[in-house]
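Pasting the sequence and the predicted model now:
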Amino acid sequence: MATLEPIGVAAGAKPGKAPYKRIATEEAFCPPEMFDIYARILDEGRLDDPGFNSLWGFYLTSPSPRTTFIRQCMTDVGDQRLAHMDASGIDVQVLSLTGPGVQVMDRDTAVGFSTFANDWIAEKVKAHPDRFAALAACAPQDPAAAAKEIERAVTRLGLKGVIINSHTHGEYLDDEKFWPIFEAAEALDVPIYIHPQGPSKGLIQPLLERGLDGAIYGFSVEVGMHTLRIIVSGAFDRFPKLQIVIGHVGESLPFTLYRIDYMHAASVKSGRYSVMPPLRKKPSDYFRENIYCTNSGVAWAPPIRFMQEVLGPERVLYAQDYPYQYLVEEVAALDEMQMSAENKKMFFQTNAERVFKL
């Protein structure tokens, strides 16, 4: 049986010095006030979102050591987080508002809280500018306000991109009413990171029935579908310079690009789907030109190297997925990956510096 390379380093192994910085690009935070909003949404029982109700009903109430650790680490953007970064060899974290972010809030709350969260994290970054950078939250519930907040957060607060925690009340960014968000990001030349939350109501039930709705599989189903919806909608033909980042080894999409190209062409030719317009390029072309993938949560060399081969080494970034997935030995293991020194430095450092303008 094949081993899960490069897992196999000693438990607790610490990384040594390396000829590159280690920049982790999908690292979550949460102001305490957002936990309060989530608790209120759950108490009111009016949000018809099985994914949120199940996941955050658990995370906010479970006394288990793991969930307690996650809640504590999420709100700490200071000494404890820095100590964990030092222990695992992380030089810089790119911080983003944890899923589901503002996506589950009503419009007015989402607009107000995205501004609050951006101001909150900008102050944390200012205290440790050599260790932290951050992405801007926005409220797709009000696309025009979202575009204005992106511009404010990037130009005035110095944030490095946009975080969207996938669907907003079951709606996806391929709907043209949300494209002011794409327009703002493209104009400012900053990426949009699409991060998972629980799959939308129309998608979740078979996953929820077997406990597959979360990070084990449902998150990848959710964001993988979201990303494909954006690609086949023609959004990248409208916004050719737009850049999107997705995690968890590209939510598994890179491994089926051949089939996606083949079946997309066949579907368009057949005329079966009026909602699938012809594209200027193949879906895989947009993947190589408009999508960046991180390995977040997958500390495993084979899929990382595969993505470098099929997408190009300049399209693959390191992420740890802190604090949901925090293993002290992870970086030490990935330091041992069998790949060229040039590709390894791109993976850990220079791709992130370019994408997020660090």
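Now that the structure is in, tell me what you want to look at.

Let me know the pLDDT of Ala139.
Turning to Ala139, the model gives it a pLDDT of 98.

Is it part of a helix or strand, or is it coil?
What DSSP: H, G, I helix; E, B strand; the rest coil gives for Ala139 is coil.

From Val190, how far out is the nearest residue to it once chain neighbours are set aside?
Leaving aside its chain neighbours, Ala139 sits nearest to Ala110 (3.6 Å; criterion: C-beta to C-beta, 6 or more residues apart in numbering). Bear in mind the C-beta positions are built from the backbone N, C-alpha and C, glycine included. For Ala110, the distance to Val190 (C-beta to C-beta, to the nearest Å) stands at 20 Å.

And the host helix or strand of the residue nearest to Ala139, what's buried?
Using DSSP states H and E, Ala110 falls within helix 107-127. Residues 109-111, 113-115, 117-118, 120-122, 124-125 are the ones in helix 107-127 that count as buried (16 or more other C-beta atoms under 10 Å).

Residues in a beta bridge with Tyr193, which ones?
Ile163, Val245 (DSSP bridges).

neighbours of it, just the number please.
The number of residues packed near Tyr193 is 26, by other C-beta atoms under 10 Å.

For it, give me its contacts.
Counting by C-beta atoms under 8 Å, 6 or more residues apart in numbering, Tyr193 makes contact with Glu26, Ser96, Leu135, Gly161, Val162, Ile163, Ile164, Ile244, Val245, Ile246, Gly247.

confidence score at the closest residue to His167 other than its chain neighbours?
Distances taken as C-beta to C-beta, 6+ apart put Ser200 closest to His167, at 4.6 Å, once the chain neighbours are dropped. Residue-level confidence at Ser200 comes out at 97, pLDDT.

And Ser200, how far from Pro283?
Ser200 is 22 Å from Pro283, by C-beta to C-beta.

Doesn't Leu82 lie inside a helix?
Yes - counting by three-state DSSP, Leu82 is located in a helix.

Tell me the spacing between it and Lys124.
11 Å.

Go through stretch 337-355 and flag the buried ones.
Across stretch 337-355, burial judged by 16+ other C-beta under 10 Å covers Met337, Asn343, Lys344, Lys345, Met346, Phe347, Phe348, Gln349, Thr350, Asn351, Ala352, Val355.

next one: stretch 21-41
Applying a neighbour-count criterion of 16+ other C-beta under 10 Å, the buried positions in stretch 21-41 are 22-31, 34-35, 37-38, 41.

distance between it and the chain's centre?
12 Å (C-alpha atoms, centre = their mean, to the nearest Å).

Is Ser326 in contact with His84, as I believe?
Actually, residue 326 is Tyr. It isn't Ser. Yes - between Tyr326 and His84 there is a contact under C-beta atoms under 8 Å: 6.4 Å.

follow-up on the earlier one: contacting residues around the residue nearest to Ala139?
Here Ala110 is in contact with Val102, Gln103, Ala139, Gln141, Asp142 (C-beta under 8 Å, 6+ apart).

Redo the buried residues of helix 107-127 as a markdown table? Include distance to Pro240 and pLDDT.
Shown next, in a markdown table, are the buried residues of helix 107-127 (distance: C-beta to C-beta, whole Å; pLDDT from 0 to 100):
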| residue | distance to Pro240 | pLDDT |
| --- | --- | --- |
| Thr109 | 34 | 98 |
| Ala110 | 29 | 98 |
| Val111 | 29 | 98 |
| Phe113 | 32 | 98 |
| Ser114 | 27 | 98 |
| Thr115 | 30 | 98 |
| Ala117 | 30 | 98 |
| Asn118 | 27 | 99 |
| Trp120 | 34 | 98 |
| Ile121 | 30 | 98 |
| Ala122 | 30 | 98 |
| Lys124 | 34 | 98 |
| Val125 | 30 | 98 |
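
Can you tell me what sits against the lowest-mean-pLDDT helix or strand in the chain?
One helix or strand of the chain scores below all others by mean pLDDT, DSSP states H and E: helix 330-335, with a mean of 93. Helix 330-335 is contacted by residues 6-9, 13-16, 18, 22, 88-90, 299, 301, 304, 318, 320, 344, 348 when judged by C-beta under 8 Å, 6+ apart.

Check the gap between the residue nearest to Thr115 when sequence neighbours are not counted and Glu27 for me.
Among residues not flanking Thr115 along the chain, Glu149 sits closest, at 6.1 Å (C-beta to C-beta, 6+ apart). Distance of Glu149 to Glu27, given as C-beta to C-beta: 21 Å.

wait, is Leu327 part of a strand?
No - using three-state DSSP, the assignment for Leu327 is coil, not a strand.

quick one: pLDDT of it?
In the predicted model, Leu327 carries a pLDDT score of 89.

Could I get the phi/psi values of it?
The phi/psi pair for Leu327 (degrees, to the nearest 10) reads phi -120, psi 120.

Hmm, Ser88 and it touching each other?
Yes - Leu327 lies in contact with Ser88 (C-beta under 8 Å); the separation is 7.3 Å.

out of these two, which sits in the busier spot?
More crowded of Leu327 and Ser88, by other C-beta under 10 Å: Ser88, with 20 against 17.

Check the burial of the nearest residue to the more buried one once chain neighbours are set aside by counting its neighbours.
Nearest residue to Ser88, sequence neighbours excluded (C-beta to C-beta, 6+ apart): Val328, at 4.9 Å. The number of residues packed near Val328 is 15, by other C-beta under 10 Å.

And for Val154?
Applying the criterion other C-beta under 10 Å, we find 23 residues in the vicinity of Val154.
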